[in-house]
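A.B. asks: Build me a model:
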Amino acid sequence: MAKKLFPFKRNGRFYFDKDHKPESFLFDTIPSSIRSFIKRPFNIPTDPTIWVDQHAINNCQIEPSVTWLGHSSFLIQMHGVNIITDPIFDQPSWIYPRMLPLGIPLDNVPPVHAVLISHNHRDHMDEKSLLYIKKISNNQAQMLVPMGDKSWFDKRGFAHVHEFEWEQEHAVSNHDQSGAVACTFVPAHHWSQRGLLDKNKSLWGGWVIHVGQQQIYFAGDTAYRPECFARIKHIFPTIGLALIPIGPGEPRSWMRHSHVDADEAGETFLDVGAQHMIPMHWGTFSFGNDHFDEPVNKLRQWWFSNQHRLGSKQLSVLKIGQRFDVPVSSIDQVGEVNMAADVSEPQL
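C.D. replies: Got it, this is the predicted structure:
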C-alpha cells in the first residue's frame, strides 16, 4: 500500500521532506534566465500557426473534455462544470514573452466555475489572468489554491477561496447547481515563491478532477518522485487522462530537482496508471535551455522506445486551443502516438 505523504514543515515553510533543497534564485533561476534570454532569438518557432488550433467553445460540456490554452493552462469541462487550471492568458513578465497565442480569444472564455492553482509561481498563478476571471464570473468562480496562498486572493477581493493540503477534496458545481465534480489536491515535488523572502511559504501540488470512475490528473509542476505517483494511483486507480509537464528539461543538473523532463514525464504517466497522456508546460514560453520543440520531440522518442510497456495507452500532443474529448471507457486502440492535426513532423 502506498503510504500517505505529508509535506515537511520547518520555520513556517513547506518542504517535500527534510532533505528538500528548493531551487536557488541566485545560483539557479537567474543564470538560467540569462541563458534562455541569450538563446531566445534562435528558439522562436518559424511558423507558430502550425501549433495553433483555436475553435469555438461549448459553454456547457457534459462529457469530459480538455482544451489546451498553453503552458499549464487547460479548460477542463466535465458534467457541465468549467474549470481552468493555472491560468496565464498573457505572459509572466517581459523577460518571458509568449511564443504562442492563448488557446481561446479572451472574449470567448466560457463561464468559469472554478480555478485550480498548482503553486504560486507567476507562470501558474498570474494576477492579471485571475483578475480577468474574477471580472467575467462576477466574482463567483471558486478559487482552489494550495495552503498558504489564500491570503493573496483575499487581499484582491476574491469572494470564494479555499486552500488545501495534500489529499483534501472539494466539490465544485456550476452556477445553477445542475452539475458537480470533485477536485482533490495531490502530492508533487516542487517549490513556491513570488517575492524575495517568501520561498516555500505556501504549498504546491497537482489536482485530480473526478466524478466516480472518471478521473483526470493535472500534475502541475513536479520533479520525478515515484512515491508521489504511486500514492496518486492508489487513491485514483482509474485515471483516464493525465496532463503532465515535459519541460523545461535543461540544464538537467538542477532542473531535475523541480521539473520532470520528457523521459521522466513518460515514467510519471506509467506510475499513475493513466490511459491517455497530454503533455504540457512546453512551447509557450522560453523557459530553461531547451529548444522550442525539444521536449515534445524527446517525449515522442521515449514513447516509441517504450511501446512494450505502454500496451494500449495513448499519447496526444495538442495544438494550442485544441480540444480533446476524454474517452469515458477504457481505450481499446494500440498504444500509438496521436499527433493531432498533422503536426507529427513540424518544420520549425
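
A.B. asks: ok, which stretches of the protein are helices?
C.D. replies: If DSSP state H is used as the criterion, the helices of the chain fall at 30-39, 127-136, 150-155, 226-235, 252-255, 262-272, 294-305, 307-310.

A.B. asks: For those helices, could you give me JSON lines that also reports mean neighbour count, mean pLDDT and distance to Asn59?
C.D. replies: Every residue, glycine included, has its C-beta placed from N, CA and C. Formatted as JSON lines, those follow (neighbours: other CB atoms under 10 Å; pLDDT from 0 to 100; distance: least, CB to CB, whole Å):
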{"stretch": "helix 30-39", "mean neighbour count": "14", "mean pLDDT": "62", "distance to Asn59": "37"}
{"stretch": "helix 127-136", "mean neighbour count": "16", "mean pLDDT": "97", "distance to Asn59": "12"}
{"stretch": "helix 150-155", "mean neighbour count": "15", "mean pLDDT": "98", "distance to Asn59": "25"}
{"stretch": "helix 226-235", "mean neighbour count": "20", "mean pLDDT": "97", "distance to Asn59": "31"}
{"stretch": "helix 252-255", "mean neighbour count": "15", "mean pLDDT": "74", "distance to Asn59": "39"}
{"stretch": "helix 262-272", "mean neighbour count": "23", "mean pLDDT": "98", "distance to Asn59": "30"}
{"stretch": "helix 294-305", "mean neighbour count": "19", "mean pLDDT": "95", "distance to Asn59": "30"}
{"stretch": "helix 307-310", "mean neighbour count": "13", "mean pLDDT": "96", "distance to Asn59": "35"}
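
A.B. asks: Dump those to CSV, plus distance to Leu75.
C.D. replies: Listed next are those as CSV, based on distance: least, CB to CB, whole Å:
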stretch, distance to Leu75
helix 30-39, 28
helix 127-136, 11
helix 150-155, 20
helix 226-235, 22
helix 252-255, 28
helix 262-272, 21
helix 294-305, 20
helix 307-310, 27
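
A.B. asks: Ok, which of the ones you listed comes nearest Ser73?
C.D. replies: helix 127-136 (8.0 Å; CB to CB).

A.B. asks: what residues are up against the closest residue to Asn306 other than its chain neighbours?
C.D. replies: Among residues not flanking Asn306 along the chain, Gly266 sits closest, at 6.4 Å (CB to CB, 6 or more residues apart in numbering). By CB atoms under 8 Å, 6 or more residues apart in numbering, the contact set of Gly266 is Met277, Leu299, Trp302, Trp303, Asn306.

A.B. asks: thinking again about what came up before, out of the helices of the chain, nearest to Trp191?
C.D. replies: Taking CB to CB, helix 252-255 is the member of the helices of the chain nearest to Trp191, at 12.0 Å.

A.B. asks: returning to that earlier point: who wins for proximity to Lys21 among the helices of the chain?
C.D. replies: Short answer: helix 252-255, nearest of the helices of the chain by CB to CB, at 9.9 Å.

A.B. asks: From Gly249, how far out is Ala223?
C.D. replies: 12 Å (CB to CB, to the nearest Å).

A.B. asks: Then His55?
C.D. replies: 30 Å.

A.B. asks: cool, His20 as well?
C.D. replies: Distance, His20 to Gly249, by CB to CB: 20 Å.

A.B. asks: Name the residue in these two with the higher neighbour count.
C.D. replies: Between His20 and Gly249, counted using other CB atoms under 10 Å, the more crowded position is Gly249 (24 against 19).

A.B. asks: Apart from its chain neighbours, what residue comes closest to the more buried one?
C.D. replies: Asp261 (3.3 Å).

A.B. asks: swap in Val326?
C.D. replies: Pro64 (4.0 Å).

A.B. asks: The one you found reaches Phe324, doesn't it?
C.D. replies: No: contact between Pro64 and Phe324 fails when scored by CB atoms under 8 Å: they sit 9.5 Å apart.
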